[in-house]
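Participant: Next one to model:
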Amino acid sequence: MTDRIIDYRNLLRANGFRVIQDKPIAGGYQFLIENCGHLRIYFKKNGQVSIDVSQLNPESRKQILSILKHGKNMLLADRSFWNTIKDRALGFSGGLLKLHDNQELLKLSGCVLLYDGYGIRVLHMGKSCPEVIKRELNKISVPRVDDNLSLVRFVSDFLRKNPEAEDTLLAFLSDVVDEESSELDTLLQKHLIKKKLEDPAEILPSIGSDEAGKGDLFGPLIVAAVYVGSHELAFLEEINVKDSKAMSKNSIVRVAKTISRICPHAIEITSPSELSNDSCNMNEVLSRMHFKCIKNVAKQKESLAIVYDDFGSKTLKKMIKSRFPEASVLGFRKAERNMAVAAASVLARAEFLSKIKALEVKYGISIALGAGPKAIKSAEVFLEKYGAEELGKVAKIHFSNLKRLINR
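Facilitator: Numbers count the residues shown, from 1 in each chain. Coordinates of the predicted model:
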């Protein structure tokens, strides 16, 4: 059953559905899909599979059921239909690349299609795609998908299985963006910049940055930046990287090790004592930290796309653009939908948890996270044992509730 679960998870992921959580249930498995609800799959003893979509929102049911039944984000198409599409495409000077597992990749102006022997998936569909091709595809109602993210996911999966064929794929896809580049990631970035995308999830490859510790009474302020490109994406999706706020402590620590091993990254740390000055502006501090992290990642891997978690800074975007004038720089609320920002949030939180653990060992007390009553109780214990001066070294004494505690 495990292999089949992985297949279903990959199918959902490959078609733009983000699995937030998955777990075994009696007789099957349950997936929590972002913005859709719960999907339950039951495996019967006779080998049959039962799919329960009753807990999904009505808008998602038909599409998800179609994906799982047909095996890809596509409707079924036999070889003869695919040959018709190929003949028409090659008549428009299209190109064909034969891949592993009997897959074929078809490219023509404004369109990239993938066929696996069962169905067709649209990886890219632009305005310049010939109308005759669109009409043929409409005969089987091939669903429109998020073409940029689908394209990047395909490239990432392809490179993982065929690392020696990167130059071949680069040459094959080069006219999709009508640009020249010696690197696949740069080619993909030029493509996404032209599209002026507004969904952070679609903006890949990119550098992403995020912070941790901003709302915690104890511990430093941490900012991390991570580059995620076509070589990294498949690995990160396989280990289910997501916003650290949706992950357990153990998962954060485990996943962070993989991120730091495979992704270009940088981390900046500001101690609580550096934040205690009354004239200290948190947004200005965060802006400098984000900028420095992004700059350090860019030294490892240049990027034409930079995404950051928008914390209200009025200067960060200008700082980045002044250093990287050719880059597309975008700040979003809830930017963790972008894989690079999600990876940065995991790295930042893992580093923060490590610092908190070190404080617990050093001072011999338990430290609660956050800034609520439990954290205040930890501060009371620390204050009584070590005093206000030492507390200022490990906690953000500019927080109003901590100020009240010290001044009591």
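Participant: in the stretch 301-408 of the chain, which spans are strands?
Facilitator: Secondary structure of the stretch 301-408 of the chain (DSSP state E, counting those that start in this stretch): strands at 305-309, 328-332.
Participant: Most tightly packed of the ones you listed?
Facilitator: strand 305-309 (a mean of 28; mean count of other CB atoms under 10 Å). Any C-beta I mention is one placed from the backbone N, CA and C, and that applies to glycine too.
Participant: re earlier: quick one: which of the strands of the stretch 301-408 of the chain is nearest Lys139?
Facilitator: strand 305-309 (35.8 Å; CB to CB).
Participant: Average pLDDT for the closest one, rounded please.
Facilitator: Summarised as a single mean, pLDDT over strand 305-309 is 95.
Participant: and the residue sitting nearest the centre point of the chain, what pLDDT?
Facilitator: For the chain, Met339 is the residue whose C-alpha lies nearest the centre (CA atoms, centre = their mean; 1.4 Å). What the model reports for Met339 is a pLDDT of 94.
Participant: returning to what we had before: okay if I get the strands of the stretch 301-408 of the chain as a markdown table plus distance to Ser271?
Facilitator: Formatted as a markdown table, the strands of the stretch 301-408 of the chain follow (distance: least, CB to CB, whole Å):
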| stretch | distance to Ser271 |
| --- | --- |
| strand 305-309 | 21 |
| strand 328-332 | 26 |
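Participant: Of all these, which one is nearest Asp210?
Facilitator: Nearest of the strands of the stretch 301-408 of the chain (CB to CB): strand 305-309, 4.6 Å.
Participant: about what we covered before: ok, which of the strands of the stretch 301-408 of the chain comes nearest Gly94?
Facilitator: Per CB to CB, nearest to Gly94 of the strands of the stretch 301-408 of the chain: strand 305-309, 28.1 Å.
Participant: How far off centre is that closest one?
Facilitator: Computed by CA atoms, centre = their mean, to the nearest Å, the separation of strand 305-309 from the middle of its chain amounts to 12 Å.
Participant: Equivalent analysis for stretch 23-37, please.
Facilitator: For stretch 23-37 - counting by CA atoms, centre = their mean - the centre lies 20 Å from the chain centre.
Participant: could you give the mean pLDDT of it?
Facilitator: 87.
Participant: Any idea how far apart the tips of that stretch sit?
Facilitator: 14 Å (CA to CA, to the nearest Å).
Participant: Give the buried residues for it.
Facilitator: For stretch 23-37, the neighbour count (16 or more other CB atoms under 10 Å) marks 28-33, 36-37 as buried.
Participant: ok, residues contacting it?
Facilitator: 1, 5, 8-9, 12, 17-22, 38-44, 50, 55-57, 60, 64 (CB atoms under 8 Å, 6 or more residues apart in numbering).
Participant: Just the ones of these in helices?
Facilitator: Members of the contacts of stretch 23-37 lying in helices (criterion: DSSP state H): 5, 8-9, 12, 60, 64.
Participant: how about those, which pair is most distant?
Facilitator: Ile5 and Ser60 (19.4 Å).
Participant: Where does pLDDT dip in the stretch 251-400 of the chain?
Facilitator: 278-279 (pLDDT under 70).
Participant: Next, the angle strand 328-332 makes with the longest helix along the chain.
Facilitator: Assignment by DSSP H gives helix 339-363 as the longest helix of the chain. With axes from the mean of the first three to the mean of the last three CA atoms, to 10 degrees applied, the angle from helix 339-363 to strand 328-332 works out at 60 degrees.
Participant: So what sits opposite Ile267 in the bridge?
Facilitator: Beta-bridge partners of Ile267, counted by DSSP bridges, are Ala224.
Participant: Distance check, it against Ile294.
Facilitator: Here the criterion is CB to CB, to the nearest Å. By it, Ile267 lies 12 Å from Ile294.
Participant: higher neighbour count, the two?
Facilitator: Ile294 (29 against 20; other CB atoms under 10 Å).
Participant: Quick check: the more buried one touching Val307?
Facilitator: No - Ile294 lies out of contact with Val307 (CB atoms under 8 Å); the separation is 9.8 Å.
Participant: between these two, what contacts are shared?
Facilitator: Common neighbours of Ile294 and Val307 (CB under 8 Å, 6+ apart) are 207, 209.
Participant: what kind of secondary structure is the closest residue in space to Glu351 that isn't next to it in sequence in?
Facilitator: Spatially, and ignoring its direct neighbours in sequence, Glu351 is nearest to Ile222 (4.9 Å; CB to CB, 6 or more residues apart in numbering). Classification of Ile222 by DSSP: H, G, I helix; E, B strand; the rest coil places it in strand.
Participant: where's Ile222 relative to Ser109, distance?
Facilitator: Taken as CB to CB, the span from Ile222 to Ser109 is 46 Å.
Participant: Same check on Leu169?
Facilitator: In terms of CB to CB, Leu169 sits 18 Å off from Ser109.
Participant: Neighbour count: the two, which is higher?
Facilitator: Leu169 (20 against 17).
Participant: Hmm, the more buried one is touching Ser156, no?
Facilitator: No - look at Leu169 against Ser156 with CB under 8 Å: they stay out of range, at 11.0 Å.
Participant: quick revisit: quick one: residues contacting the residue nearest to the centre of the chain.
Facilitator: 201, 204, 208, 228, 233, 236-237, 241.
Participant: The same query, at a cut-off of 6 Å, please.
Facilitator: 228, 236 (CB atoms under 6 Å, 6 or more residues apart in numbering).
Participant: quick one: the nearest residue to Gly95 once chain neighbours are set aside from Val253, how far?
Facilitator: Nearest non-adjacent residue to Gly95, counting by CB to CB, 6+ apart: Lys107, 4.7 Å away. Relative to Val253, Lys107 is positioned 42 Å away (CB to CB).
Participant: Comparing those two, which shows the higher neighbour count?
Facilitator: A count of neighbours by other CB under 10 Å puts Lys107 above the other of Lys107 and Val253, at 21 against 16.
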